[in-house]
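# Just need the structure, nothing else, for what follows:
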Amino acid sequence: MTEEEIKERYQKVCICRSISKGTIIDIVKNGAKTLEDVRRKSGATTGSCKGDRCKAKILDILRRYA
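Below you'll find the predicted structure:
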């Protein structure tokens with residue numbers, strides 16, 4: 001893994017719940033197929049913004065890795 005890939009994995013996707021992109025990718029690779037699956041397994045989209053800041057990023061990860 002390159003340094004750039006490592007940095008990307010640690011970027012925060014869900015700022016409210018402090019969930020990284022790497023965590024979301026791992027959840028998707030382990031079978032999450034929908035936003036609701038990711039929500040149940042990580043808590044993403046359940047913070048104070050209710051997903052306003054992270055939903056689009058999570059949907060993009062689902063498209064890329066599911």
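# who are the neighbours in contact with Ser42?
Cys14, Arg17, Ile19, Thr23, Ile24, Ile27 (C-beta atoms under 8 Å, 6 or more residues apart in numbering). No exception for glycine: its C-beta is placed from N, CA and C like everyone else's.
# State the pLDDT value of the fourth one.
Thr23 is assigned a pLDDT of 97 by the prediction.
# For it, which non-adjacent residue is closest in space?
Using C-beta to C-beta, 6 or more residues apart in numbering and skipping residues adjacent in sequence, the residue nearest Thr23 is Ser42, 6.2 Å away.
# Need phi/psi at Val12.
You called it Val, but residue 12 is Lys. Recorded main-chain torsions at Lys12 are phi -80, psi 130, according to degrees, to the nearest 10.
# Please report the distance of it from Gly47.
11 Å (C-beta to C-beta, to the nearest Å).
# same deal with Asp37?
Looking at Asp37 against Gly47, where the rule is C-beta to C-beta, the gap reads 18 Å.
# residue boundaries of the helices in the chain?
Taking DSSP state H as the test, the helices found in the chain are 3-10, 21-29, 35-42, 55-65.
# Determine which of the ones you listed shows the lowest mean per-residue pLDDT.
Within the helices of the chain, confidence is poorest for helix 3-10, with a mean of 93 (mean pLDDT).
# what's next to it, contact-wise?
Contacts of helix 3-10 with the rest of the structure, by C-beta under 8 Å, 6+ apart, involve Met1, Ser20, Lys21, Gly22, Ile25.
# Taking their axis directions, that helix and helix 21-29 sit at what angle?
Between helix 3-10 and helix 21-29, the angle formed by their directions is 80 degrees, by axes from the mean of the first three to the mean of the last three C-alpha atoms, to 10 degrees.
# Quick check: the farthest pair among the contacts of Ser42?
The most widely separated members of the contacts of Ser42, counting by C-beta to C-beta, are Arg17 and Ile27 (12.8 Å).
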